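Enquirer: Here's my sequence, what's the structure:
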Amino acid sequence: RSTTLITMTCERPAIKLYSTIAKMNQRSSHHLYSAAVLLLAACCHAFSPPQHHHLRPSVVTSRSSFEFSSSSSSCFDNNNNKHHRQHASKLQMIDPSLSTSVSSSISSLFSLTGPIPLLPSLLLNTLLFFSLKPKLMTMLTPTGFAHSLALGTMLWTTLGWRGWTVCVLYLFLGQAVTKVGFDEKTKLGIAEGRGGRRGPENVWGSALTGVLCAAAAVQAAASASTTTTASTESLFLGISSSVWILGYVASLATKLADTFASEIGKAYGKTTFLITTLQPVPRGTEGAISLEGTIASIIGGLSLSIYAYGVVGLIPTYQGVGVATFAAVVATMVESLIGATLQEREGFGWMSNEVVNFLNTLIGAGIAIGLGVFVLGM
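Expert: Numbering: from 1, shown residues only. Down below sits the predicted model:
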């Protein structure tokens, strides 16, 4: 039998990684795994070091192609040792800039300033999502999983790990509160469909406003890098980057406040009123509010705002916590008003829950941005 020894290949490490993952991928027929294989191979190929033919020592020896006699074995051993000494000296010729480049790429993923490169963000999100897939698939449908991966990549590219974790916290807290009293809500027919799992329509209905604010914040920061005077504030559409980030946090705080109000109100609301008439209505009615749900909405909006300020420092001042929380609670009330007056009415069939969610987050972000500019002077 022929035995092959490949000592080193610096030309294309992505090819070896692709081959290994492809063999593992044959065990699963799920299309998402196939997409992950192609994604990993493409990203690794993009980060492959340039070809250096003088750094490609490769030795292939075959037992079937050599016949050794007892008189020549010691000579071969000496030649083999000499070859390994030469090979070790060639390894020392590798450019140290390669390891520096890899270290720089990793550190850039956790930078606190500036946009993050797209390909590293995409690769990291793919690894994180697939490592957490068993847990995430209890929260998301298969298509929701894929869309959430795209969303996570966008957020990591624009706002880095800090903005990304704010959205992840929203997802986990929102899912947790959805499960509160779920059996009772199911019996009443007011529980979320699909066991509370989110699809792509839920993903973008909740986070599209946040993505737009994140992209605007990056544009404002980019405009600052092109200015020649240090006193010029970074603006996009007349709004600074810090205010756009406040709008991002407020949009997710608004959706979490709405989720807390809805789910806690349906589970524990003792008396629910229609927001337009204040007449008692059954739990789960569109536009209904309750004391328990209102308190829960304040807790939901405040928790996400505190995290953005106190844990990751995405909001620069504690006043921003108050602004984001106030915007979230007010926008949740407006969402109830929209549900009571427009949703499920004739001529408004297009006003689905996802559309209302988008309008809800848009209102919350708008209130926060307005207060940030005119009240906080940001």
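Enquirer: burial count for Leu302?
Expert: Applying other Cβ atoms under 10 Å, we find 20 residues neighbouring Leu302. Every residue, glycine included, has its C-beta placed from N, CA and C.
Enquirer: Give me the helices and strands touching the helix or strand harbouring it, please.
Expert: For Leu302, the host element (DSSP states H and E) is helix 291-306. Secondary-structure packing of helix 291-306 (3 or more Cβ pairs under 8 Å, 6 or more residues apart in numbering; DSSP states H and E): helix 142-178, helix 241-268, helix 318-341.
Enquirer: Repeat the analysis, applying 10 Å as the threshold.
Expert: When contacts are defined as 3 or more Cβ pairs under 10 Å, 6 or more residues apart in numbering; DSSP states H and E, helix 291-306 sits against helix 142-178, helix 241-268, strand 272-274, helix 318-341.
Enquirer: could you give the mean pLDDT of it?
Expert: Confidence for helix 291-306, expressed as mean pLDDT, is 96.
Enquirer: Can I get that helix as PDB, trimmed to CA atoms?
Expert: Listed next in PDB are the C-alpha coordinates belonging to helix 291-306 (Å, rounded to 0.1, in the frame of the first residue of the first chain):
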ATOM      1  CA  LEU A 291     -52.800  47.400  34.500                       C
ATOM      2  CA  GLU A 292     -50.700  44.200  34.600                       C
ATOM      3  CA  GLY A 293     -49.700  44.500  30.900                       C
ATOM      4  CA  THR A 294     -48.900  48.200  31.300                       C
ATOM      5  CA  ILE A 295     -46.500  47.500  34.200                       C
ATOM      6  CA  ALA A 296     -44.900  44.700  32.300                       C
ATOM      7  CA  SER A 297     -44.300  47.000  29.300                       C
ATOM      8  CA  ILE A 298     -42.400  49.400  31.500                       C
ATOM      9  CA  ILE A 299     -40.300  46.600  32.800                       C
ATOM     10  CA  GLY A 300     -39.600  45.200  29.300                       C
ATOM     11  CA  GLY A 301     -38.600  48.600  27.800                       C
ATOM     12  CA  LEU A 302     -36.500  49.500  30.900                       C
ATOM     13  CA  SER A 303     -34.600  46.200  31.000                       C
ATOM     14  CA  LEU A 304     -33.400  46.500  27.500                       C
ATOM     15  CA  SER A 305     -32.500  50.200  27.800                       C
ATOM     16  CA  ILE A 306     -30.500  49.500  31.100                       C
END
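Enquirer: Report the buried residues of that helix.
Expert: By 16 or more other Cβ atoms under 10 Å, the buried positions in helix 291-306 come out as 292-294, 296-306.
Enquirer: what bits of the chain have low per-residue confidence?
Expert: Regions of the chain meeting the criterion pLDDT under 70 cover residues 1-105, 113-114, 224-233.
Enquirer: Can you tell me how far the residue nearest to Gly366 when sequence neighbours are not counted is from Ser241?
Expert: Nearest-residue entry for Gly366: Gly247, 7.5 Å, with adjacent residues in sequence omitted and distances by Cβ to Cβ, 6 or more residues apart in numbering. Remark: distance between Gly247 and Ser241 (Cβ to Cβ, to the nearest Å) = 11 Å.
Enquirer: who's more crowded, these two?
Expert: More crowded of Gly247 and Ser241, by other Cβ under 10 Å: Gly247, with 30 against 21.
Enquirer: Now the common contact residues for Gly247 and Ser241.
Expert: Taking Cβ atoms under 10 Å, 6 or more residues apart in numbering as the criterion, Gly247 and Ser241 both touch Ala216, Ala217.
Enquirer: Isn't the residue nearest to Gly366 up against Ile363?
Expert: No: between Gly247 and Ile363 there is no contact under Cβ atoms under 10 Å: 11.0 Å.
Enquirer: Quick check: neighbours shared by those two?
Expert: Thr209, Ala327.
Enquirer: how many neighbours does the nearest residue to Leu235 once chain neighbours are set aside have?
Expert: Closest residue to Leu235 apart from its sequence neighbours, by Cβ to Cβ, 6+ apart: Ala220 at 5.7 Å. By the measure other Cβ under 10 Å, the count of residues near Ala220 is 22.
Enquirer: same deal with Pro134?
Expert: Neighbour number of Pro134 under other Cβ under 10 Å is 8.
Enquirer: residues in contact with it?
Expert: Residues in contact with Pro134 (Cβ under 10 Å, 6+ apart): none are found.
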